[in-house]
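# Model the following, please.
(3 chains)
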Amino acid sequence: MTYSKRLDERKNDELRPMDAKAGVIPNADGSAYFRAGKTTAYVAVYGPRELFPKFKQDPKKGLLRCHYAMMPFSGSGERIRPGTSRRAQEISMVMEQALLPVIDLSEFPNSVVDVFVQLPQTDAGTRCAAISAAAIALADAGIPMKDMISSVAVGQVDGTIVADLSYGEESYPAVVSDIPVAMTHNTKQITLLQMDGEISKEDLVKALDAAKSATEKVYDVQMKALKSKFSVENKK
Amino acid sequence: MIVNQNTIKDLASKQMRIDGRALTEYRKPILVETNISWTAEGSARVQVGETVVMAGVKLSLEKPYNDTPDEGGIMINAELTPLSSAEYESGPPGIKAIELSRVTDRGIREAKAIDMKKLCVEPGEKAWFVIIDIVTINDAGNLFDVAGLATLAALKSARFPVVDTETGAIDYKKKTDQPLPLTKEPLPVTVYKINGNLVIDPTVEEEQVYEARLTVATDDKGTISAMQKGGTESLSIDEISMMIDLAQEKATFLRGELDKQLQ
Amino acid sequence: MSARHKLGGYRKMSELLKKEREIVIPGEILAQGMDFLPGENTYRENDNIYAKALGLVYVSGRVIKITSLSGPYVPMVGDRIIGKVIDITMTGWRIDTGTAYSGLLNVKDATTRFIKKGEDLSKIIAIGDYVIVMITQVTSQRLIDLAMREPGLKKITGGRIMKINSHKVPRIIGKQASMVNLLREKTGCEITVGQNGLVWVRGTPEGELKAEGAIKRIEERSHESGLTESMDAFLGGK
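Numbers count the residues shown, from 1 in each chain, chains lettered A, B, ... in the order given. Below is the predicted model of the structure:
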């Protein structure tokens, strides 16, 4: 038995339907909305602003801080208790590391750029949606960035390499691997890599190769969101 | 900003506002959207002007409280997220969030808006508990009214999940078409007193200059189910009476907007 | 161009890949080849010049630069800004500049009036007050010195302050201050535009409202051509 037809009938390299919008939170310096299937993320960027406590300041460059949070009603099971969790803290950390390689805060010593994520509903791929939304929000906030970061999961379900696993696929009753990846657009460098499940090294390399075209599709959505916000402003 | 705060006070005495609205006029647009979260049993996003709030309802089966063995329960929680304003920080809820959740809670609970007895599945053993979470997306002022509207819209949109008749386990991925046993629809309206004048739907800057405020939750018949006075100055009984009249009038207006948009 | 073709294949032909005033996002390739030079908000890697911020492409001669459409205000010497007093020190006032860096307004740079040693500075400018000041120094670590001794620099009283995107400030001011003068004339308001995006407007309540509406409109339509004419029509009627 092999996984020849995906649960939601997508092609193997097909992502869930995506939507994105820049500038959705007026109070923030930059913001974005990103949807992948039934996962939605809101991101607000505040800063560069003064960092407290002072001992955390870096006189050479600004600090990037990510804060990932699921809304209490956003899980597919019982209510999630508000407040941070070990999972949220880890995701916040890998988000920072996924974004930092392209962010240049050398012009903003001693400051902080805060990235806040809230997810009203989740299916799968919440960290990828959060990272993709955060990249839009940071660009919207005018933060110097060498490149865009686009994120999506790839993986293997019962022998078949697929892109953007749904929750049903993550929990498919066979050998499954779920590999959240974030990539730079120009150089296809990997800035986020995690994995759950089992996969051979050969297949892993194949999956990572598939991530190139998968993240490219995310990039197109991110670019459109940013350009449409500012071309509306530019329109006669 | 102190400059704007002084101007707000000066204008109020001339029956004017800094953004050109009438003193008792809500901002536009007022937008209500329900079912914004498939994972919640009910959910809503409400926007008034630039203020945006989301509310989600989760249902769970619990053992009833000892003193009310044949009733379910409700709980309302509010988070003022740092996503929604530079003024808010991560961490446990501050007093502003606690007040918002408790005032919203009283408006629903004390009106007996949800028939608690109908939430009981098995007396003393099992009843539905309704948990509402309010999450701010953009705080541009007047969270009390916007959160109240979002809470009611989320409650109205809620549907019970499917329960496995044999195991008793809840299948949160499947919803029935059964709504919550709502008996009435209370809505809070907050009336602010700024330089002696009554003002509705304040911006964040207007919220920094008021002398006193009164949140009044009323149902469709005008019955008051909860009140909260805030602010550092006192109110006369005459003023309170005028504030309640205004709150009732505006609750009718908001209820009309809600009904129109939920059709 | 044809001349270079004839020179043959040692050097790849340079090519501009974006149009003037096109919107680009971070990481987009703006030009290939060594004939172009990276300007503001761009960088070179190997043969290519890339965008380092979201903005509009401008080419002047061989230099490609990006004008940001959003982002923090960068303090510059000579800029007039509007700031809020957040603290009072032994020597003067600490001012929130609307950036990650506060500025210092020394007593001697604040007023021509003689101030006695030990005089209560809060009687002159209090915490919470807003001031129009000029940036006199910015260090590499973004320490900012401010002054308030020139005409037009003062403590603000009355009116209203609004916040706009600091990148839109040049449009609010206009060529040779044409836009801001039009706004002043049509609304009867006193208007000061801080380079940091804070704008102070003082006039009649109706005038202030009209000015605020007009400024928001300019901010939204900042890249329209003929904006001064269309704003003239918008503000007409008075």
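# low pLDDT regions in the chain?
The chain I'm using is chain A. A:1, A:232-236 (pLDDT under 70).
# try again with chain C
Within chain C, the stretches with pLDDT under 70 are C:1-12, C:237-238.
# Now name the helix or strand holding residue B:240.
If you go by DSSP states H and E, residue B:240 is part of helix B:237-262.
# One more: residue A:130?
helix A:126-140.
# for the nearest residue to residue B:28 once chain neighbours are set aside, what are its contacts?
Among residues not flanking residue B:28 along the chain, residue B:49 sits closest, at 6.9 Å (Cβ to Cβ, 6 or more residues apart in numbering or on different chains). To be clear about C-beta, it is placed using only N, CA and C from the backbone, and glycine gets the same treatment. Listed by Cβ atoms under 8 Å, 6 or more residues apart in numbering or on different chains, the contact set of residue B:49 reads B:26-29, B:140-141, B:201, B:203.
# a markdown table for those residues, including neighbour count, secondary structure and pLDDT?
Supplementary listing: those in a markdown table, determined by neighbours: other Cβ atoms under 10 Å in any protein chain shown; DSSP: H, G, I helix; E, B strand; the rest coil; pLDDT from 0 to 100:
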| residue | neighbour count | secondary structure | pLDDT |
| --- | --- | --- | --- |
| B:26 | 20 | coil | 98 |
| B:27 | 20 | coil | 98 |
| B:28 | 10 | coil | 96 |
| B:29 | 10 | coil | 97 |
| B:140 | 22 | coil | 98 |
| B:141 | 20 | coil | 98 |
| B:201 | 25 | coil | 98 |
| B:203 | 20 | coil | 97 |
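# Next up, phi/psi of residue C:140, please.
phi -60, psi -30 (degrees, to the nearest 10).
# Could you measure from the nearest residue to it once chain neighbours are set aside over to residue A:51?
The shortest distance from residue C:140 to any non-neighbouring residue, by Cβ to Cβ, 6+ apart, is to residue A:109 (8.0 Å). Using Cβ to Cβ, to the nearest Å, we find residue A:109 at a distance of 10 Å from residue A:51.
# quick one: which of the contacts of residue B:49 is nearest residue A:203?
Closest to residue A:203 out of the contacts of residue B:49 is residue B:140 (50.0 Å), distances taken as Cβ to Cβ.
# Let me know whether that closest one touches residue A:25 as I believe.
No. Contact between residue B:140 and residue A:25 fails when scored by Cβ atoms under 8 Å: they sit 10.2 Å apart.
# Which of the helices or strands spans the closest residue to chain C within the stretch 101-250 of chain B?
Minimum separation of the stretch 101-250 of chain B from chain C (Cβ to the nearest Cβ) falls at residue B:205, amounting to 9.4 Å. Assigned by DSSP H and E, residue B:205 belongs to helix B:204-207.
# Would you mind putting the CA coordinates of that helix into PDB?
Taking C-alpha atoms only, helix B:204-207 is exported to PDB below (Å, rounded to 0.1, in the frame of the first residue of the first chain):
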ATOM      1  CA  VAL B 204      -7.700  55.600  23.100                       C
ATOM      2  CA  GLU B 205      -6.900  59.300  23.600                       C
ATOM      3  CA  GLU B 206     -10.400  60.000  24.800                       C
ATOM      4  CA  GLU B 207     -10.100  57.100  27.200                       C
END
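# same question for the helix holding residue B:240, mean pLDDT?
Helix B:237-262 shows a mean pLDDT of 97.
# Can you give me the buried ones in that helix?
B:239-240, B:242-244, B:246-248, B:250-251, B:253-255, B:257-258 (16 or more other Cβ atoms under 10 Å in any protein chain shown).
# what subset of these is also close to chain A?
For chain A, no contacts are drawn from the buried residues of helix B:237-262 by Cβ under 8 Å from any Cβ of the partner chain.
# From these, pick the one nearest residue C:169.
Residue C:169 lies nearest to residue B:257 out of those, by Cβ to Cβ, at 37.7 Å.
# Could you measure from the closest one over to residue A:192?
The gap separating residue B:257 from residue A:192 is 43 Å, by Cβ to Cβ.
# same question, residue A:159
Applying Cβ to Cβ to residue A:159 and residue A:192 gives a distance of 25 Å.
# cool, residue C:112 as well?
When distance is defined by Cβ to Cβ, residue C:112 is 58 Å away from residue A:192.
# Between the two, which is the more surrounded one?
Taking neighbours as other Cβ atoms under 10 Å in any protein chain shown, residue C:112 and residue A:192 compare with residue A:192 leading, 20 against 7.
# which one's the longest helix in the chain?
Defaulting to chain A. Determined from DSSP state H, the single longest helix within chain A is helix A:201-234.
# meant chain C, my bad for not saying
Longest helix in chain C, counting residues (DSSP H): helix C:205-220.
# OK, now which residue of chain A is nearest to chain B?
Residue nearest to chain B within chain A: residue A:73 (3.0 Å; Cβ to the nearest Cβ).
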